[in-house]
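A.B. asks: dropping a prediction and its sequence here:
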Amino acid sequence: MTTDSNPHPSPTVEISVSEVLGQQPPSLGLAPTLARAVTAPLASGTDVVLSFAGVRGVASSFCNSLFRSVSQQAGSAALDRLRFKYDSATQELVVSRSFAAIRAE
Amino acid sequence: MAGPHIHINYRVDDNPADVLRFVADLSQLYGSGRGGSWTLDLSDCQYLGPDAAALIHALWLRAGQLGAQKAVHFPRGPEKLLAFCTFSGLDHYIRKGKRPDPDHEKSETVPLNQFYSSASTVSEPVFRLLGRHLGGEISTELRDSLSACLQEIVQNIADHADSNIGGVSCSRYFANLHQVRVAVVDHGVTIPAKVRAADPAVGDDLRCLDRVLQGGFSSKSKAHNAGQGLNNLRLIVGNLRGSLLLISGGAAAVMTTSERTPRLSRLDRPFPGTGVFFMLPTMP
């Protein structure tokens, strides 16, 4: 027998980075735009899956700025309700290390 | 012309031994300002790659800003080296020769590019070159890795280097070796100087370079810094079994295809900026 520890999971929305910002490597200046798109559902209790599929590369500075903005706007606990989808091991490396660094601040 | 005359009579391939030897020779020319003069004699050089081209162009630009009298004697051959001088833009930028055509069917080179902030001005020409040679065979992993590496390097220059020449890049695809090699050079504040400004206790240049390559150390020059850029670069290049040479100030770090832990060494004469030279295989 298994027990479902979370019988009433939160609603989840998937946000595509490429749909919000385009496929080009996201520049640092675009981090606030994506942060707003991510913060809105988090603030209303919806979990977010952020998909980097189709995005050509991603840099730590962009991710740091994104996660700091989300943390400041929605609260650091909101980062717990943020998950990711990747196109490549490199995206995962950059995004996950940045995410861990900002959560540890 | 009075002043130092540096005669390069060896191959400057894109490997740590050649590049470090070349940097050591060029060190006699760095910092020469108004009233100073120098000659870089490449007439007996047999090979130059993108690493050497970026170093030469950065030196030339900085010397021009400082008002030094400067001269470069170009190679007399072989034919492939003369072609590289044309395709890389060395001939154009230094001798006012023909402007390089990166889309020429025989070109495997992304010409020298001076940039100040945007990583895409560096990466897009590389993708165009690879696209022309590899067609649709650029893997997602290579695409993302190349892009991420260049973004980290360019952002580092923008955030920390305060380089008067910005950055200088040059790249080349080697079809026979299935490699892309990229060089990015600046003449700004060195990594060790930046690290020591944030934490004087870190130590000498070698320890400073080691510290940033380990990750987690940030000078916090900008709010978006978290000390991951160069560590990410190292990990990404290592994951793809590429190679990396990083020189900054009085230290160098070498990572080879078989040795993923960077080997650090001290330079006899400091490099007045930062050079990042990396190779990624274009086939898994």
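C.D. replies: Thanks, I have the structure now.
A.B. asks: for B:Ala158, which non-adjacent residue is spatially closest?
C.D. replies: B:Ser117 (5.0 Å; C-beta to C-beta, 6 or more residues apart in numbering or on different chains). All C-beta atoms are positioned from the backbone trio N, CA, C, and that covers glycine.
A.B. asks: show me where pLDDT drops low in the stretch 101-250 of chain B?
C.D. replies: The stretch 101-250 of chain B contains residues with pLDDT under 70 at B:219, B:221-223, B:226.
A.B. asks: what of chain A?
C.D. replies: In chain A, residues with pLDDT under 70: A:1-8.
A.B. asks: what do you get if the cut-off is 50, keeping everything else the same?
C.D. replies: Where chain A drops to pLDDT under 50, the residues are A:1-4.
A.B. asks: what does it put close to chain B?
C.D. replies: Residues of chain A lying close to chain B (C-beta under 8 Å from any C-beta of the partner chain) are A:24-25, A:27-28, A:31, A:56-62, A:64-65, A:68, A:87-91, A:93-94, A:97-98, A:101-102.
A.B. asks: quick one: stretch B:196-203 to chain centroid distance?
C.D. replies: Relative to its parent chain, stretch B:196-203 has a centroid offset of 25 Å by C-alpha atoms, centre = their mean, to the nearest Å.
A.B. asks: what's the span of it from first residue to last?
C.D. replies: 7 Å (C-alpha to C-alpha, to the nearest Å).
A.B. asks: and that stretch, what's buried?
C.D. replies: B:196, B:202 (16 or more other C-beta atoms under 10 Å in any protein chain shown).
A.B. asks: likewise for stretch B:3-19?
C.D. replies: B:3, B:6, B:8, B:11-16, B:18-19.
A.B. asks: before we move on, what about stretch B:20-38?
C.D. replies: B:20, B:22-23, B:25-27, B:29-30, B:32, B:36-38.
A.B. asks: check the buried residues of stretch B:3-19 and tell me the two furthest apart.
C.D. replies: B:Gly3 and B:Asn15 (29.3 Å; C-beta to C-beta).
A.B. asks: now, which of the residues of chain A next to chain B lie within helices?
C.D. replies: Among those, the residues falling in helices (DSSP state H) are A:31, A:60-62, A:64-65, A:68, A:89-91, A:93-94, A:97-98, A:101-102.
A.B. asks: who touches stretch B:241-257?
C.D. replies: B:16, B:19-20, B:23, B:51, B:190-193, B:204-206, B:208-210, B:213, B:230, B:233-234, B:237-238, B:261-267, B:269-271, B:273-281 (C-beta atoms under 8 Å, 6 or more residues apart in numbering or on different chains).
A.B. asks: mind listing which of those residues are in helices?
C.D. replies: Reading helices off those with DSSP H, I get B:16, B:19-20, B:23, B:51, B:191-193, B:205-206, B:208-210, B:213, B:230, B:233-234, B:237-238.
A.B. asks: from these, which are also near chain A?
C.D. replies: Counting by C-beta under 8 Å from any C-beta, no member of those reaches chain A.
A.B. asks: filter those to the buried ones?
C.D. replies: So, by 16+ other C-beta under 10 Å, the buried ones in these are B:16, B:19-20, B:23, B:51, B:191-193, B:205-206, B:208-210, B:213, B:230, B:233-234, B:237-238.
A.B. asks: phi, psi for the residue nearest to B:Ala158 please.
C.D. replies: The phi/psi pair for B:Ser117 (degrees, to the nearest 10) reads phi -150, psi -50.
A.B. asks: could you check how far it is from A:Ser61?
C.D. replies: Separation of B:Ser117 from A:Ser61 (C-beta to C-beta, to the nearest Å) stands at 12 Å.
A.B. asks: list the contacts of the residue in the stretch 101-250 of chain B that chain A sits nearest to.
C.D. replies: Residue nearest to chain A within the stretch 101-250 of chain B: B:Ser147 (2.6 Å; C-beta to the nearest C-beta). Counting by C-beta under 8 Å, 6+ apart, B:Ser147 makes contact with A:25, A:56-57, B:119, B:123, B:127.
A.B. asks: of all residues in chain A, which one is closest to chain B?
C.D. replies: Closest point on chain A to chain B, by C-beta to the nearest C-beta, is A:Gly57, at 2.6 Å.
A.B. asks: what's the neighbour count on that residue?
C.D. replies: Using other C-beta atoms under 10 Å in any protein chain shown, A:Gly57 has 28 neighbouring residues.
A.B. asks: wait, it sits on A:Pro25?
C.D. replies: Yes. Assessed by C-beta atoms under 8 Å, A:Gly57 is found in contact with A:Pro25 at 4.5 Å.
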